[in-house]
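Novice: Task: produce atomic coordinates for the following.
(one chain, ligands or ions: 2)
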Amino acid sequence: MSSDRRESQQETTTVDGNGANSNPVNSTTMKATSTTVSCQRLRLNPNNEHRPDSYEDLQLEFPNSIYSSLEKYLPPNMLVSRREEKVKFMTDIMLRHLPHGERSRAQRHRDYRQKITPNYQRLHKELYSLNPTLVFVPAFIKAINENTEESFRSIISEPSPGVFVFDMLQPSFCQMMLSEIDNIMNWVAETKFKIMRPNTMNKHGAVLDDFGLDNMLDKLMEGFIRPISKVFFNDVGGATLDSHHGFVVEYGKDRDVDLGFHVDDSEVTLNVCLGKEFLGGELFFRGTRCEKHVNTATKSDEIFDYCHIPGQAVLHRGRHRHGARATTAGHRVNMLLWCRSSVFRELKTHQKEFSSWCGECFCEKKEAKGRSIAALRKKLFKARASRA
Ligand SMILES: O=C(O)CCC(=O)C(=O)O
Ligand SMILES: [Fe+2]
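Specialist: Residues are numbered from 1 along each chain as shown. Ligands and ions are numbered 1, 2, ... in the order given. You can find the predicted model right below:
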């Protein structure tokens, strides 16, 4: 049996991350604050005159941009408060609106991060804020600044439908990230701290968000991945990506070997190789499927294999079925950003068919259309025959 057939007949797994995309506010103060503000409410009509604070430099429970947007709904007495007090107030309100299970999960995750952030000593501080010229190759920055489909197409290739490939990261940035990751792994080994792994399938690797890189990765998603996804993945919420799960995976000796056939818990996945030197590790793609059709057969034109190159990014729908072959020599490190859209997830619950992106829904729709045209033809033919 060829390896392709084996993969396409394998059951596809949905890989879940720990789902978190946020950093803690001091939990002791948080509890105290929730007692004092829990009876307070947001105002119904925003104060549009108010100029919100910037929250970008803070490690927050929810995406930073939400705080700036929510601020104009604060009651008048809160509008003049210090930024930290506004953060506590808004965090408390948002937490109160999470379902109970979600709230305790968020609390546990906040406690977990609180054990890391004050103790982990960053190696390269410049990695923690996004400086485009430090991170990206010039052609990528130029295409993003122009922000047109044409400019994206000039630097991005699509070797197979729905798989977009482009040069993205500066070699010096890859080096810096690799040494920061080594530093994280050394801290984990020295402190014997049991970290959460990136997802249900990888035993190695680390969640970058948990180590303070969440703000930088949020900027990467908002400023650089969302504009591209808006053009190429509009059908899965590419224009409305609003949260992420950012992590690294490591393959080689004493690390993961390969990654089974799966779909990601994301709308759009950015997968970029950081290095180092390795053999193998190819990504294999086998067509995009909705939940109902995730285990249906692969068509020959959906088979595509991709070889990782350091600095080069692959962008694909999370529902594009894929896996990674064994890294047979050396050490491979990849950075992943699972980008999610809450709007798309909500809309999806009201839909039954996804022919704009699911290969199987598309075929079913085409076949149904073919059948109805054939039935109509037959009817017309019969009518004409009976008139003759
Ligand atoms: O190893 C790779 O490059 C693939 C990783 C991946 O698909 C994932 O983590 O979701
Ligand atoms: Fe994946």
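Novice: Would you mind listing what in the stretch 251-388 of the chain touches ligand 1?
Specialist: Within the stretch 251-388 of the chain, the positions near ligand 1 by C-beta under 6 Å from any ligand atom are 259, 264, 271, 283, 322, 324, 334, 336. To be clear about C-beta, it is placed using only N, CA and C from the backbone, and glycine gets the same treatment.
Novice: What's the first helix or strand after the strand or helix carrying the third one?
Specialist: Residue 271 belongs to strand 268-275 when elements are defined using DSSP states H and E. Towards the C-terminus, the helix or strand next in line after strand 268-275, according to DSSP H and E, is strand 278-280.
Novice: what about that following strand, average pLDDT?
Specialist: Averaged over strand 278-280, pLDDT sits at 97.
Novice: From ligand 1, how far out is residue 64?
Specialist: Distance, residue 64 to ligand 1, using C-beta to the nearest ligand atom, to the nearest Å: 25 Å.
Novice: Skip the chain neighbours and tell me the closest residue to the residue of the chain found nearest ligand 1.
Specialist: When distances are taken as C-beta to the nearest ligand atom, the chain reaches nearest to ligand 1 at residue 324, 3.6 Å away. Excluding the flanking residues, the one nearest residue 324 by C-beta to C-beta, 6 or more residues apart in numbering is residue 259, at 4.0 Å.
Novice: how about the strands in the stretch 101-250 of the chain?
Specialist: 157-160, 163-167, 206-207, 243-252 (DSSP state E, counting those that start in this stretch).
Novice: does any part of the shortest one sit near ligand 1?
Specialist: No: taking C-beta under 6 Å from any ligand atom as the criterion, strand 206-207 and ligand 1 are apart, separated by no less than 11.4 Å.
Novice: what residues go with each domain of the chain?
Specialist: In terms of domains, the chain is parsed into 3-17+122-348, 27-116, 358-388 (source: automatic domain parsing).
Novice: Can you tell me which of those domains is most buried?
Specialist: Greatest average neighbour count among the domains of the chain goes to domain 3-17+122-348 (a mean of 18), per mean count of other C-beta atoms under 10 Å.
Novice: which stretches of this structure have low pLDDT?
Specialist: Along the chain, the model assigns pLDDT under 70 to residues 1-11, 17-40.
Novice: centroid residue for the chain?
Specialist: Residue closest to the average C-alpha location in the chain (C-alpha atoms, centre = their mean): residue 338, at 1.7 Å.
Novice: which residues does residue 14 contact?
Specialist: 262, 263, 264, 265, 294 (C-beta atoms under 8 Å, 6 or more residues apart in numbering).
Novice: Can you give me the distance of it to residue 282?
Specialist: Per C-beta to C-beta, to the nearest Å, residue 14 is found 22 Å from residue 282.
Novice: what do you get for residue 129?
Specialist: Counting by C-beta to C-beta, the gap from residue 129 to residue 282 is 34 Å.
Novice: for the closest residue to residue 200 other than its chain neighbours, what are its contacts?
Specialist: Nearest-residue entry for residue 200: residue 16, 5.2 Å, with adjacent residues in sequence omitted and distances by C-beta to C-beta, 6+ apart. Residues near residue 16 by C-beta under 8 Å, 6+ apart: 199, 200, 265.
Novice: got it, and residue 74?
Specialist: Per C-beta under 8 Å, 6+ apart, neighbours of residue 74: 42, 43, 47, 86, 89, 90.
Novice: so what's the first one closest to, chain neighbours aside?
Specialist: Among residues not flanking residue 42 along the chain, residue 73 sits closest, at 4.2 Å (C-beta to C-beta, 6+ apart).
Novice: Double-check that neighbour against residue 41; I have them as touching.
Specialist: No: between residue 73 and residue 41 there is no contact under C-beta atoms under 8 Å: 9.3 Å.
Novice: Kindly provide the distance from the residue nearest to residue 324 to residue 281.
Specialist: 9 Å.
Novice: between the two, what contacts are shared?
Specialist: Common neighbours of residue 259 and residue 281 are listed as residue 324 (criterion: C-beta under 8 Å, 6+ apart).
Novice: how much space between residue 48 and residue 73?
Specialist: Applying C-beta to C-beta to residue 48 and residue 73 gives a distance of 10 Å.
Novice: Show me which strand runs longest in the protein.
Specialist: Using DSSP state E, we find that the single longest strand of the chain is strand 327-340.
Novice: what lines up beside it in the sheet?
Specialist: Using DSSP bridges, the strands paired with strand 327-340 are strand 243-252 (antiparallel), strand 268-275 (antiparallel), strand 278-280 (antiparallel).
Novice: chain center to the first one, what's the gap?
Specialist: So the one you mean is strand 243-252. 10 Å (C-alpha atoms, centre = their mean, to the nearest Å).
Novice: Give me the next element, helix or strand, following that strand.
Specialist: strand 259-264.
Novice: Please apply the same query to the last one.
Specialist: Proceeding C-terminally, strand 278-280 gives way to strand 283-288 as the next helix or strand, assigned by DSSP H and E.
Novice: Would you check how far apart the residue nearest to residue 309 when sequence neighbours are not counted and residue 348 are?
Specialist: Distances taken as C-beta to C-beta, 6+ apart place residue 273 nearest to residue 309, at 6.2 Å, with adjacent residues excluded. Residue 273 sits 30 Å away from residue 348, going by C-beta to C-beta.
Novice: Can you give me the end-to-end span of stretch 209-229?
Specialist: In stretch 209-229, first residue to last residue: 21 Å (C-alpha to C-alpha, to the nearest Å).
Novice: Does residue 259 touch residue 203 like I think?
Specialist: No: counting by C-beta under 8 Å, residue 259 does not reach residue 203; the two are 10.6 Å apart.
Novice: quick revisit: could you measure from the residue nearest to residue 42 over to residue 89?
Specialist: Taking C-beta to C-beta, one finds residue 73 at 11 Å from residue 89.
Novice: Around ligand 1, which positions in the stretch 101-250 of the chain sit nearby?
Specialist: residue 249.
Novice: Could I get the contacting residues of the residue nearest to residue 261 when sequence neighbours are not counted?
Specialist: Counting by C-beta to C-beta, 6+ apart, residue 261 lies nearest to residue 323, which is 4.3 Å off, once chain neighbours are set aside. Residues near residue 323 by C-beta under 8 Å, 6+ apart: 7, 258, 259, 260, 261, 262, 283, 284.
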